[in-house]
Structure formats: C-alpha cells, structure tokens
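Novice: generate coordinates for the sequence data below:
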Amino acid sequence: KSQHNMLRLITRKKHRKTTKCTRFTPCRTYAAQHKETSAAKVSFMRSLYSGKFQESIDYVSPYPVDTALDAEQREHLEMVVDATDKFFATSNDPAANDKNSSVPEEVTEGLKDIGAFGLQVPEELEGVGLTNVGYARIVETIGKYGDLGLGIYLGAHQSIGFKGILLDGNEEQKKKYLPDVATGRKIAAFALTEPSSGSDANSIKTKAVLNEAGTHYVLNGSKIWISNGGIAEIFTVFAQTEVDDPKTGGKKDKVTAFIVERSFGGLTHGPPEDKMGIKASNTAEVFFNNCEVPVENVLGEVGSGFKVAMRILNNGRFGMGAALTGAMKASMQIAVDHASNRVQFLGNKIKSYGLIKEKIGNMALRIYATEAMTYMISTIMDSGKGDYELEAASLKVFASESAWYVCDESIQVLGGMGFMKELGLERILRDLRIFRIFEGTNDILQLFVALTALKSTGDGLKVLTDAMKNPVGNFGAISGFVGKKIGKSFGMYDKVNMKVHDSLTGEVAELEKMAMVFHTTCEGLLIKYKMGIKDQQQICKHLAICSTHIFATTSVLARATNSAEKQTHGYENELNMAKAFTTFAKDIFEQNVKLIKDTKVDENIANVADDIFKEGGYNVQSPLGF
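Specialist: Coordinates of the predicted model:
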C-alpha cells in the first residue's frame, strides 16, 4: 500500500509543479469542452453523409494524436500508466474476481491509492486530472489484463456514474460530490434503465414530484440492471417531472436528471444479479420509495434529463473502444504465444500454416482500426474542434463486434485448450458479450448514426429543392448538382486532398470511390423514401456499417502515414495493415451497398420472421414427418 501511495504522490507532485493551463490540459473544464464541441460544426459522419468528404478528411488528417499531449502531460501520463500497469500485473486476480463475483477490498484500496476512481476529475477536486486521451490510455492498460468485470466496476463509476456532474454539474455540485467519488470514498452509479424502457429512454416511468414547499422532489419507481447499484452511495437518476407545455399552455412530463444520495433515505436495492459475464461488477435493481431529493440536486435544467443522459453516454463511449483495444490485445497475445509454440503435422509450429496466419492477421486489422479510431476521437474531444457523438457511437459498435471476433478466433487458434478456463479466454468471451448490449445496443446505435447523419444529406437536397423554385436565378447551383450526378453515373468522383504515405495512394483512391458511392446512395434513398427512411431499419443498418468502415479506413490510413513519417517501431507492418484493412473495409462496404440496392434479401428474411411470429415460434415440420 505504501508503494501505491508513493506512486500517486510522486505523479501528483510532478504534475502540480509542471503543468500549465494550455489548450489541451485538464485545466479546461468538462463543461467548457462540451460547450465547444456542441457548437462546432465539423463531424466526420455528417460531412460524409452530406457529400463533403474533404471536410471528413480534414477531421482526421493528419492524424492528430501528436498534438494531444504536451511534454509535461506525456510525462505525467507515462507515470500513471506505469503505476496502473504494475498494480494490475501484481495485485489483481481476474479469475478469482470472476469466481467470487466481487472485487476484493484490498484491490479496491489499491485502486484508490493509484487514483483509479477519479482519472478525469481535476486535481483541485482530488482527481488525477487526465484528458480524454490520457483516460483512454489508462483504460486500455486495464483492459489488457483481461478483467473486464473490474473494468466495468470502475467505468460505471466514472465513465457514466458521476460523469454527469463533470459535464453538467454546477460549481456547488462539483465541489460537494467530486472529491468523494474521485478518491473512491463513495462509489457512483448511473440509473436510467427500467423494466419498460431499455433503448427508449424517454419512456421511463420513475416519477419525481415537487413537494408543496418546493424544496424537494419525491422520487418513486425502480431501475434495473444498474452497475454498482448495490454498492453505490451517489446515483445519477432520471425521472419524469411535470413541466409547462408552451404549445398547449398545460402540463406535460419530461425527463429530469437528479443527483441522489443513498443517505437521503427511501433508496434500496435488490440482490446482485447472476450474470453471464462481468461477474466481478455489482449489478442490481434499485428502488425509490418516497425518496426526497433537494431541488438543488437537479442536474442540468428541469426537463432536460434526456439531453443530460445522451451527453453522458455520448461522452463515455470512446472509453469502450479503449478498454476493448486492451482486451483484444490480451486475447490475441494468448493466441500468438500458443501458435508460436504448438507443434502439429510433421514437426511444424502451427504459426507457419496459412489458416493460422489468416486468423492472426484479421485479428490485428481489427485491433489496429479500433485503436486508431479510439485515439482519433479522444484527441478530437480534447481539442474541442469537432463533434464526436456519431463517431463515438460508430466506434462502440465496431469495437464490440471486433472484440467478440478476436476473442472467438483466439479460442479457435488454441482449439480445445481455448475452451478451458485455465487461460482465461472463456472468461473474456463471456465478459465481452455485454458490450454489444449496454450503453446503447449496437442495433439502436446503427439506426442512431444513420438517421442522424442522413439529416445532413436531406439538408443538401432541401437546398436544391428551394433552388428549383427559381431555376433561372439559381441556374449555377442546379447545373452544378446535375453535372455532378452525371459525372458520378460515369464513375467519376471527387478528388480529396489527404496526406498519405506514397505506398497508400491507391488506398486513398479506393476511399474516394467509396465516399462517392456512399453519398450518391444516401441521396437516392432520401429521394425514394423521403421521411419514410426512418422505417427502413435494415437499410439504415447497412448505411451505418458503410459509414463506419469509411471512418475506420480513413483513421487507419492517417495513423499509418503518421507512423511512417516518424518511422516508429513496426511502421512497415502498419503500412501493410493499412493496405489490408482498406481491402477488408471495401469488401464489407460493397456487400452492404448491394443489399441496399437489392432489397429482396432483407425482404425475404423479414417474411420468414413474420411467419415465425405468426406461428409463435419455429414450427416447421420435421423431415421425418413427426
């Protein structure tokens, strides 16, 4: 314990002595960062969907991570990473945590000592004061030790549990609550999900009624599957409140966010849930029975709770990319070690066989792309130069799907040994399954990305429609649009200015073609379906997959070029990965564009499902007739 305390003291003293408030330092408050980001117009996804691909390129190129940390911040972060790495290497047992479905007290105390509970809380409020880039690096370090249950314990606490106080809390709320949660003296939880509202956050039933004195809101209701629900003392809770309706002059219910202390009374929890994975994290139902919350504990404005919840979730999703990057590296390392030593067939090590190389190579591509997007987005968040909600949502989907693939294929490389508990891959696989569900299911996030970004395409078409009302006066705009459409029909596409390594110019050309086809496809869909596009969920899913892989490819090319310029260790293989990933992404892109254009496949699948539901299940007669 004294060693951990010393490490923390050294890093904090060093940081206090040397850190100056610059554009990228944690001295900038989260509220200020968010305000800048919200006001910014630059978004890779929105620009891509609107046909302004050069804006998308400028969002990510040159790869911005070099400007993310100044020398002092880098030195501070390296010390924190080193302390975190040493702690998890020597003081934590993921298998024991999984078996016992808990985190031991001595581990919790050690995490407090290294500042793991308040990584992004400002130092003056007893936190470590890391930027988003710094937070990503620490979370990746934790992830590489394969204890995602403990990772959720920490992440549910700070990535969403008290994140709302950092983003939307007033100064009094921050001073009152952040020191306790940053040091781990009190654990935090995020309470949104209810039995009747999963992905539809606006449909929550928990009610908060202002008392006659106007001093307290009285909460009644329940929340389910709350991470840290059974151990938290501080909760960010969302409930329906009655507000004025300016349209009708009457009243209506809108969601409001509250900071709720267990000590207020009327707050209880159920037993820990028995889960498939992340067993070390506590998950429980939380009940509110006439829980009285002071009016000063409203988080944000009354009636703005949905926006608060979305800000918290949008801000925290990049951390999942970091954690899953670490978990993927851990999984693949087990496979690499096994393949490098396992001898089969004529005395050859299995690493020499093509099918094993194929598995390892495909794992590496997904890890590299996830890592590239994670640090791209976290740097953008710190700089305040662009929007990131659609990019972070796309990253969450890509990272969680990739992590499942990587762990599953690692098990396949090990064969029967991978199926055993001894090496930990089965535990990691169980833990990974939840990442495609919580903080927005992948299915809902894909709809969110496509439908939100399609508005940018629609805005462009509206400009054209308005111009058509005066065709003579707007002849230039109309002819320019028609000219572009004709050019694209002949395979012509807009050139973009993207700085890449000489060996990657062909890949940029492929990227340009994908962007051109994508925008043309989006325009065609809006012309065909208009507002009805919102009901075409399969098409929206295909669009989101396409745009995610364009974003991933752009990030990969920018990252590989940056490494080649600096000639970092292994940069030659990074260039190889960039080429291979572009081909991989292009194949997925073309498959999904084909499904968008030929809807028969999706329609046939939907018809099969309709019949299944009509029969109440799979009710096809056996080939034997009985």
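Novice: list the buried residues for the helix or strand where Leu77 lies?
Specialist: Using DSSP states H and E, Leu77 maps to helix 71-91. Of all the residues in helix 71-91, those buried under the rule 16 or more other C-beta atoms under 10 Å are Glu72, Gln73, His76, Leu77, Met79, Val80, Ala83, Thr84, Phe87, Phe88, Ser91. All C-beta atoms are positioned from the backbone trio N, CA, C, and that covers glycine.
Novice: ok, now stretch 117-126?
Specialist: Phe117, Gly118, Leu119, Gln120, Val121, Pro122, Glu123, Leu125, Glu126.
Novice: my read: Ser378 touches Ile138, true?
Specialist: No - the criterion here is C-beta atoms under 8 Å, and Ser378 misses it with Ile138 at 11.4 Å.
Novice: in stretch 100-107, what's buried?
Specialist: Quick answer for stretch 100-107 (16+ other C-beta under 10 Å): Ser101, Ser102, Val103, Val107.
Novice: can you check stretch 240-248 too?
Specialist: Quick answer for stretch 240-248 (16+ other C-beta under 10 Å): Gln240, Thr241, Glu242, Val243.
Novice: over to stretch 347-362?
Specialist: Here stretch 347-362 shows Ile350, Lys351, Ile356, Lys359, Ile360, Asn362 as buried, counting by 16+ other C-beta under 10 Å.
Novice: can you show me the CA trace of it as CSV?
Specialist: Taking C-alpha atoms only, stretch 347-362 is exported to CSV below (Å, rounded to 0.1, in the frame of the first residue of the first chain):
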residue,chain,number,x,y,z
GLY,A,347,7.0,-31.1,-36.6
ASN,A,348,5.9,-27.7,-37.8
LYS,A,349,4.8,-25.0,-35.5
ILE,A,350,1.2,-24.0,-36.3
LYS,A,351,2.2,-20.3,-36.8
SER,A,352,3.6,-21.4,-40.2
TYR,A,353,0.2,-22.5,-41.5
GLY,A,354,-1.8,-20.2,-43.8
LEU,A,355,-5.1,-20.6,-41.9
ILE,A,356,-3.5,-19.6,-38.6
LYS,A,357,-1.8,-16.6,-40.3
GLU,A,358,-5.2,-15.6,-41.7
LYS,A,359,-6.7,-15.6,-38.2
ILE,A,360,-3.9,-13.6,-36.6
GLY,A,361,-3.8,-11.1,-39.4
ASN,A,362,-7.5,-10.5,-39.4
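Novice: mind checking how far Leu432 is from Ala393?
Specialist: The gap separating Leu432 from Ala393 is 18 Å, by C-beta to C-beta, to the nearest Å.
Novice: show me which of these two is the more surrounded one.
Specialist: Ala393 (26 against 23; other C-beta atoms under 10 Å).
Novice: can you add secondary structure, distance to Gly155 and pLDDT and give the buried residues of stretch 117-126 back as a markdown table?
Specialist: Below are the buried residues of stretch 117-126 laid out as a markdown table (DSSP: H, G, I helix; E, B strand; the rest coil; distance: C-beta to C-beta, whole Å; pLDDT from 0 to 100):
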| residue | secondary structure | distance to Gly155 | pLDDT |
| --- | --- | --- | --- |
| Phe117 | coil | 11 | 98 |
| Gly118 | coil | 13 | 97 |
| Leu119 | coil | 10 | 97 |
| Gln120 | coil | 12 | 97 |
| Val121 | coil | 14 | 97 |
| Pro122 | coil | 19 | 97 |
| Glu123 | helix | 21 | 95 |
| Leu125 | helix | 19 | 97 |
| Glu126 | coil | 19 | 96 |
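Novice: now, which of those sits nearest Asn289?
Specialist: Distances from Asn289 to the buried residues of stretch 117-126, taken as C-beta to C-beta, are shortest for Phe117 (28.8 Å).
Novice: residues contacting Ile234?
Specialist: Counting by C-beta atoms under 8 Å, 6 or more residues apart in numbering, Ile234 touches 161-162, 177, 180-181, 186-189, 259-262.
Novice: which of the buried residues of stretch 117-126 lies closest to Gly266?
Specialist: Closest approach to Gly266 among the buried residues of stretch 117-126 (C-beta to C-beta): Phe117, at 26.1 Å.
Novice: list phi and psi for the closest one.
Specialist: Torsion angles at Phe117 (phi, psi; degrees, to the nearest 10) stand at phi -90, psi -10.
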